[in-house]
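Enquirer: what's the 3D shape of this:
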Amino acid sequence: MSARTGLCLTTALACCLLAGPDPALAEDGLSQENANILWTLIGGMLVMFMQPGFALVECGLTRAKNAANIMMKNYADFLMGGIIYFLIGFGLMFGTDAGGIVGTSMFGMSGSSGTGEGGWLWTFWFFQAMFAATSATIVSGAMAERTRFSVYLIGSAVISALIYPVSGHWAWSGLFGEGGGWLEGLGFIDFAGSTVVHSVGGWIALAGAIVIGPRIGKYSADGIARAIPGHNIPMAGLGVFILWFAWFGFNCGSTTTPDGTIGFIAANTCLSACAGGLAAMLTMWVKFGKPDPSMTFNGVLAGLVGITAGCAEVAPGGAIIIGLLCGVLVVFSVLFIDQKLRIDDPVGASSVHGVCGFFGTVMVGLFASPDYGSCTGLFYGGGIHQLLVQLAGAFSVFVWAFGCGFILFKLLGMLMPLRVSPEEELKGLDIPEHGANAYSGFQIFINE
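Expert: Just a heads-up that it's a prediction; the model follows:
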């Protein structure tokens, strides 16, 4: 295409946008329906772009000898999750309600047409499948560098098929069709998934890290935590920037319609991320004398996770406060889990997604502004009711996700080896598990 042709097409598109929708289409609602489909598809595509973001963060924050293994796990989460969520998970999450606990597993998607109502069904499935893949892939980072690949695949499949969809039904099933889960009935608010997506992944990640145990050399004989630095901080930083960009699809796309709220949601999302990264950086600077890069990255992610539940409910000032609190919280959570509980989570996934997802969900009960959202938080005179509902929802999902994750990985460990052999772990999982070297031709020095 020539530059002249491209300019003509751009001008024509601009004229169409300025002219507005065809009145004939507007009369029967097709224009708005098609706009909803387009916007939601764009949001879903952006959420899919979170997958390379997660992969780069996890690769960068772990050692070079496991980089190919980390990438394969992120690919496998998506490859299997898409099909399994299509066959089982989506129906359990959005199918006909069964007592507010779970939906029916068959939802008649194959009988729907490709246009009209059927077109929206496929669009909604695509958008939600990207969320399911996000929740599942959070787990890989916490169990990195010592988990057998074949067993991890089974765990990932169960997350996409059962654990994520069931708790998702509690909070979100009313988004599609009639009815709704029991948390929706209480008035629980989680606009884009601080709890439904991120805490579920984070709590399962914490359970997996507990069951599989720490990496060799992580703790000394007297229980002192040793740092095991990641091999590529710029790679991790790039991954966080990608996640930050894709998060606008996560939060803004959750409107499922291109209305006037999307700019406001984008502003809240960005402000909270900025505040989270700044708070984590300053906290590390004050506590350890250096502005640590990896913890700053996690602060950005903590701010993003924290605001996801209330991005359409809180004022911009509230978004900044939530981000600041999450940035401080993630630092102390990582240190507590690593040094006090002696749970080895190489990338801080349980703190970023589990702890900050829980915290951000609860903050809706405090900071929800009647000027912007659908409820009023305690700090705006709304009383304690919404706060109690948010606490109940976040805690119930913690019990479900952590409990199921712990049982899942315990059972897998009883049935087959969950962890690679010490020799394979010391060598790195790339060659023993995949027969591939992530950095062929480069000399990699391994210090154990």
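Enquirer: L324 versus the nearest residue to S194 once chain neighbours are set aside, what's the distance?
Expert: Ranked by CB to CB, 6 or more residues apart in numbering and with sequence neighbours excluded, the top spatial neighbour of S194 is A309, at 3.5 Å. No exception for glycine: its C-beta is placed from N, CA and C like everyone else's. Counting by CB to CB, to the nearest Å, the gap from A309 to L324 is 16 Å.
Enquirer: does C326 really touch G360, like I thought?
Expert: Yes - using CB atoms under 8 Å, C326 is in contact with G360, at 6.4 Å.
Enquirer: Spit out the residues that contact the two alike.
Expert: V305, G306, I307 (CB atoms under 8 Å, 6 or more residues apart in numbering).
Enquirer: Touching, the last one and G323? I think so.
Expert: Yes - assessed by CB under 8 Å, I307 is found in contact with G323 at 6.4 Å.
Enquirer: Neighbour count: these two, which is higher?
Expert: A side-by-side neighbour count of I307 and G323, using other CB atoms under 10 Å, places I307 first with 37 against 32.
Enquirer: and the gap between Q390 and H198?
Expert: 15 Å.
Enquirer: hmm, I was thinking of S160
Expert: With CB to CB as the criterion, S160 and H198 are 15 Å apart.
Enquirer: Between the two, tell me which one has more neighbours.
Expert: Between S160 and H198, counting by other CB under 10 Å, H198 is the more crowded of the two (32 against 27).
Enquirer: which residues sit in contact with that one?
Expert: Contacts of H198 by CB under 8 Å, 6+ apart are T134, S135, I138, V305, T308, H353, G354, C356, G357.
Enquirer: quick check, nearest of those residues to A266?
Expert: T308 (12.6 Å; CB to CB).
Enquirer: just to revisit the earlier point, isn't the residue nearest to S194 up against G360?
Expert: Yes - shown here, A309 and G360 form a contact pair, counting by CB under 8 Å, at 5.1 Å.
Enquirer: Now do the shared contacts for those two.
Expert: S194.
Enquirer: Work out for me the element the closest residue to Q386 other than its chain neighbours sits within.
Expert: Sequence neighbours aside, G365 is the residue nearest to Q386 in space, at 4.4 Å (criterion: CB to CB, 6+ apart). With secondary structure defined by DSSP states H and E, G365 is part of helix 356-367.
Enquirer: again, but for G202
Expert: Going by DSSP H and E, G202 is part of helix 200-212.
Enquirer: Now for this structure: which helix has the highest residue count?
Expert: helix 385-415 (DSSP state H).
Enquirer: ok, and what's touching stretch 152-167?
Expert: 73, 76-77, 80-81, 84-85, 87-90, 92-93, 101-103, 132-133, 135-136, 139-140, 143, 196-197, 200-201, 204, 208, 396-397, 400-401, 404-405, 408-409, 412.
Enquirer: from those, which would you call buried?
Expert: Burial by neighbour count, judged by 16 or more other CB atoms under 10 Å, picks out 73, 76-77, 80-81, 84-85, 88-90, 92-93, 102-103, 132-133, 135-136, 139-140, 143, 196-197, 200-201, 204, 208, 396-397, 400-401, 404-405, 408-409, 412 from the contacts of stretch 152-167.
Enquirer: who's in contact with the residue nearest to Q386?
Expert: G377, L378, I384, Q386, L387, L388, V389, Q390, L391.
Enquirer: again with F402
Expert: So F402 contacts W203, I204, L206, A207 (CB under 8 Å, 6+ apart).
Enquirer: which regions of the stretch 301-448 of the chain lie under the pLDDT threshold?
Expert: 443-448 (pLDDT under 70).
Enquirer: nope, the stretch 151-300 of the chain is what I meant
Expert: In the stretch 151-300 of the chain (pLDDT under 70), the answer is 177-179.
Enquirer: Please report the number of neighbouring residues for D259.
Expert: D259: 12 neighbours (other CB under 10 Å).
Enquirer: for the one 4 residues further on, same thing?
Expert: The burial metric for G263, expressed as a neighbour count using other CB under 10 Å, is 10.
Enquirer: name the element it belongs to?
Expert: helix 262-288.
Enquirer: Quick check: buried residues in that helix?
Expert: 262, 264-265, 268-284.
Enquirer: So which of the contacts of H198 is the closest to R63?
Expert: I138 (19.7 Å).
Enquirer: Does L301 touch L243 like I think?
Expert: Yes - assessed by CB under 8 Å, L301 is found in contact with L243 at 6.5 Å.
Enquirer: quick one, which of A309 and L324 is more surrounded?
Expert: Per other CB under 10 Å, whichever of A309 and L324 has more neighbours is A309, with 36 against 22.
Enquirer: List the contacts of that one.
Expert: I189, D190, F191, A192, G193, S194, T195, G357, G360, T361, M363, V364.
Enquirer: I'd like those as CSV, with neighbour count and distance to W120 appended.
Expert: As requested, the contacts of A309 are exported to CSV (neighbours: other CB atoms under 10 Å; distance: CB to CB, whole Å):
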residue, neighbour count, distance to W120
I189, 26, 23
D190, 29, 22
F191, 22, 20
A192, 26, 19
G193, 25, 20
S194, 32, 25
T195, 35, 25
G357, 32, 28
G360, 34, 29
T361, 31, 28
M363, 27, 32
V364, 32, 28
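Enquirer: could you flag which of the contacts of H198 are buried?
Expert: T134, S135, I138, V305, T308, H353, G354, C356, G357.
Enquirer: burial count for D371?
Expert: Count around D371 with other CB under 10 Å applied: 7.
Enquirer: pretty sure it belongs to a strand, no?
Expert: No - looking at D371 with DSSP: H, G, I helix; E, B strand; the rest coil, it is coil, so not inside a strand.
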